[in-house]
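Q: Have a look; sequence and predicted model below, questions after that.
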Amino acid sequence: MSAAVSHVPPRHLAFWPAGVPVEPEAITETLPQRLAHVVAEVPDKPAIVYGGATLSYAALWRRVEALAGWLQGAAGVQPGDRVLVIGQNAPQWVVACQAVLRTGAVALPVNPMCKREEIAFLAGNSGARVALAAQELLPQLRPLLGDAAGQIRAAALWCYAEAIDASSDEGRALPDWVHAAPVALDDARLSGFEAAISAASTQGLAPPPLPADPNALALLPYTSGTTGQPKGCRHTHATLLASLTASAAWKPLRRDSVVLTVAPLFHMLGLQNGQHLPLIQGATTVMLPRWDARAAGALMERHRVTAWSAPPAMVLDLFSQPETAGRDLSSLALLSGGGAAMPDAVASMLRERYGIVYQEAYGLTETASFLHANPPQRCKRQCLGVPTQGVDSRIVDPVTLQELPAGEVGELVTHAPQLMLGYWQAPEADAASFIAIDGRRFLRTGDLASVDEDGYFFLRDRLKRMINVSGYKVWPAEVESLMYAHPAVHEACVIALPDVQQGESVKALLVLKPGTPVGSEGLTPADVIAWCREHMAVYKAPRQVEFVASLPKSGTGKILWRELQNAHAAAPSSVTAARENA
């Protein structure tokens, strides 16, 4: 047994980036106040470039102010209320999120791949009664419209085509769904996004005063736990800005930066790095509706992109495109990301061919994304980096919670100014997730890691049962719970498999109900995969399904998922199975 150690001053300070303050910035403002300052300073500067159209900071702010007026005056949104924001990347997503914050309400970002049942849970659990969404979400939202608790009483739907220049090369290159015309709205509780903005002037719907309390709740992103029940992470303006100001200083990001935003805005990587960070710096965002490697390369070259935050899968995809080799990407000064380890061969290729160092970092939804980062002048590969400004991370024994020496593997726990307040109305989850060390509150991340003699952290394994699909967290218990709704499923166990494209993929091992016909005359694994894709977000749905006679269980009847995980990772079974390659 390893001996516990007393905490000592951080070793990584010897490698601290020059010019970056060691202590975190004191947060005295809210996000809308920060944005208002930027708008006053650079009103005509491009804020967002999207589909050949440019939105200046002044124009962005006018739309934010107007929509905030509609939210308060027409939709009845009050400070502290939760508002769903759902859709693919678009200027309207940014306006929607900023307008929610402008009213003093709380933005709840939702994955647009979520199905009706998943959106219904988020609305019901959070108490959200208003939604701002892309129009393709109407089929999922329509059944939720109503006046009772847990239902949506008002929604404004945007049309992507209204934000692009369809006559430009960049506009024409976007997929057909971006060009779709506005849909007809036949319910009084529904409004068009542009109509809602116009209503601010025609009906005199003025926004409320700028929210001034940095400790007020601002964001409620949901993340799942080992029980499979999604939980909302309570972030304030202060916790979000603590992450943002530290990230801006570390990278660094400046007013003349041009940021490529392709990571989804509903995800913390995209929301913080692709939306909030450029906005509070007065930088320009070049945005794609969703990932497209060829389009991303063209935009980087045309707009002289200087900064890009992306998971390794996106980076690998871009630099695997034949035409990328002929593009001038010399403007790209910062390439950073996390969510999975960057393969060493890819890191070497980036350094040797393009002179680019991929700066790996580490963060969680619970920490507003930015937490650890590699010092730019001394990056270590496949490394979580070092704790950044004001962050105190340690490795502890998962059972005794005693700190472990360098080199020992244990659970990574962290205390930081960007740490969330706690989970939304989940005191049991808070009790299990937070511990006190030296009189301060630390989050148990559930990640098994070690720290080397220089104070750099390395991920080793996961204490929690979680699958990482292209940076998205998939919790097997949640997927299993959804799969039990299939009429033929008797028992289910979901495990992870290595995946070259996604890092990991989801596999389901199923025991079918007695008498269920299978094969050509009955149910097939492909049928189950199709059913899953109809009832849960695509990234959660298993890409492999296997029918088995039984699942191993413990003496108390619990399915031995780790035994199955290890067995299938080592030697995949040859019994009836199917793979979804989409």
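A: Yep, it's here.
Q: What about Leu371? Give its phi and psi, please.
A: Backbone torsions of Leu371, given as degrees, to the nearest 10, read phi -140, psi -60.
Q: so Cys532 is in which element?
A: helix 525-535 (DSSP states H and E).
Q: Can you list the neighbours in contact with that helix?
A: Outside helix 525-535, the residues that touch it by Cβ atoms under 8 Å, 6 or more residues apart in numbering are 115, 117, 479, 482-483, 485-486, 488-489, 508, 510, 540-547, 576-578, 580. Just so you know, the C-beta spots here come from the backbone N, C-alpha and C atoms, and that holds for glycine as well.
Q: hmm, 10 Å instead?
A: 113, 115-118, 479, 482-483, 485-489, 492, 506, 508, 510, 512, 518, 523-524, 538, 540-547, 576-580, 582 (Cβ atoms under 10 Å, 6 or more residues apart in numbering).
Q: got it, and stretch 429-437?
A: Outside stretch 429-437, the residues that reach it (Cβ under 10 Å, 6+ apart) are 7, 225-227, 229, 231, 234, 366, 392, 394, 396, 401-403, 411, 413, 415, 419-424, 426, 441-446.
Q: What are the buried residues along that stretch?
A: Neighbour-count burial for stretch 429-437, counted by 16 or more other Cβ atoms under 10 Å, picks out 429-430, 433-435, 437.
Q: Which single one of these is nearest to Ala134?
A: Ala429 (30.5 Å; Cβ to Cβ).
Q: What is the subsequent helix or strand relative to whichever helix or strand that closest one is part of?
A: If you go by DSSP H and E, Ala429 is part of helix 427-433. Of the helices and strands lying after helix 427-433 in sequence (DSSP H and E), the nearest is strand 434-437.
Q: Note down every partner strand of that next one and its orientation.
A: strand 440-451 (antiparallel) (DSSP bridges).
Q: who's in contact with whatever helix or strand comes next after the strand it pairs with?
A: Next helix or strand after strand 440-451 toward the C-terminus (DSSP H and E): strand 457-462. Here strand 457-462 makes contact (Cβ under 10 Å, 6+ apart) with 12, 338, 340-341, 360, 362, 371-372, 380, 382-387, 393-395, 407, 409-412, 414, 445-452, 468, 496.
Q: Report the buried members of these.
A: For the contacts of strand 457-462, buried by 16+ other Cβ under 10 Å: 12, 338, 340-341, 360, 362, 371-372, 380, 383-387, 393-395, 409-412, 414, 445-451, 468, 496.
Q: Which of the contacts of stretch 429-437 are buried, as a ChimeraX select command?
A: For the buried members of the contacts of stretch 429-437, the matching ChimeraX selection, counting by 16+ other Cβ under 10 Å, is:
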select :225,226,229,231,234,366,394,396,401,403,411,413,415,419,420,421,422,423,424,426,442,443,444,445,446
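Q: what are the phi and psi values for Asn216?
A: Not Asn; residue 216 is Ala. Phi and psi for Ala216, reported as degrees, to the nearest 10, are phi -80, psi 150.
Q: wait, Thr285
A: Here Thr285 shows phi and psi, under degrees, to the nearest 10, equal to phi -110, psi 130.
Q: Next: Leu512.
A: The phi/psi pair for Leu512 (degrees, to the nearest 10) is phi -90, psi 160.
Q: can you tell me which of the contacts of strand 457-462 are in strands?
A: Assigned to strands by DSSP state E, the following of the contacts of strand 457-462 qualify: 360, 362, 372, 386-387, 393-395, 410-412, 414, 445-451, 468, 496.
Q: domain ranges for the chain?
A: Domains of the chain are assigned by automatic domain parsing as 57-213, 467-579.
Q: Now do the same contact list for the residue nearest the centre of the chain.
A: The centre of the chain sits closest to His267, judged by Cα atoms, centre = their mean, with a distance of 1.9 Å. Listed by Cβ under 10 Å, 6+ apart, the contact partners of His267 are 109, 111, 221, 273-274, 311, 339, 365, 369, 471-473.
Q: try 8 Å
A: Per Cβ under 8 Å, 6+ apart, neighbours of His267: 109, 111, 471-472.
Q: can you tell me which of the contacts of helix 525-535 are in helices?
A: Within the contacts of helix 525-535, residues falling in helices by DSSP state H are 116-118, 479, 482-483.
Q: In three-state terms, how would the nearest residue to Ala155 once chain neighbours are set aside be classified?
A: Nearest non-adjacent residue to Ala155, counting by Cβ to Cβ, 6 or more residues apart in numbering: Ala131, 4.2 Å away. Per DSSP: H, G, I helix; E, B strand; the rest coil, the secondary structure class of Ala131 is strand.
Q: And Ala131, how far from Cys97?
A: Separation of Ala131 from Cys97 (Cβ to Cβ, to the nearest Å): 13 Å.
Q: Nearest spatial neighbour of Leu219, chain-adjacent residues omitted?
A: Per Cβ to Cβ, 6+ apart, closest to Leu219 is His235, 4.2 Å.
Q: So what's the residue count around that neighbour?
A: When neighbours are defined as other Cβ atoms under 10 Å, His235 has 27 of them.
Q: One more: Arg82?
A: 23.
Q: What are the phi and psi values at it?
A: Here Arg82 shows phi and psi, under degrees, to the nearest 10, equal to phi -100, psi 140.
Q: State whether it and Gly127 are indeed in contact, as I suppose.
A: Yes - between Arg82 and Gly127 there is a contact at 5.9 Å, judged by Cβ atoms under 8 Å.
Q: Contacts made by stretch 39-57 with the rest, please.
A: 38, 58-61, 90-91, 94, 160, 163-172, 174, 178, 255, 278-279, 282, 284-287, 289, 303.
Q: What residues sit buried inside it?
A: So for stretch 39-57, counting by 16+ other Cβ under 10 Å, buried means 39, 42, 45-53, 55-57.
Q: Can you add distance to Trp16 and pLDDT and give the residues you listed back as JSON lines?
A: Putting these into JSON lines (distance: Cβ to Cβ, whole Å; pLDDT from 0 to 100) gives the following:
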{"residue": "Val39", "distance to Trp16": "33", "pLDDT": "98"}
{"residue": "Val42", "distance to Trp16": "31", "pLDDT": "98"}
{"residue": "Lys45", "distance to Trp16": "32", "pLDDT": "98"}
{"residue": "Pro46", "distance to Trp16": "34", "pLDDT": "98"}
{"residue": "Ala47", "distance to Trp16": "32", "pLDDT": "98"}
{"residue": "Ile48", "distance to Trp16": "34", "pLDDT": "98"}
{"residue": "Val49", "distance to Trp16": "34", "pLDDT": "98"}
{"residue": "Tyr50", "distance to Trp16": "37", "pLDDT": "98"}
{"residue": "Gly51", "distance to Trp16": "41", "pLDDT": "98"}
{"residue": "Gly52", "distance to Trp16": "42", "pLDDT": "98"}
{"residue": "Ala53", "distance to Trp16": "41", "pLDDT": "98"}
{"residue": "Leu55", "distance to Trp16": "37", "pLDDT": "98"}
{"residue": "Ser56", "distance to Trp16": "37", "pLDDT": "98"}
{"residue": "Tyr57", "distance to Trp16": "33", "pLDDT": "98"}
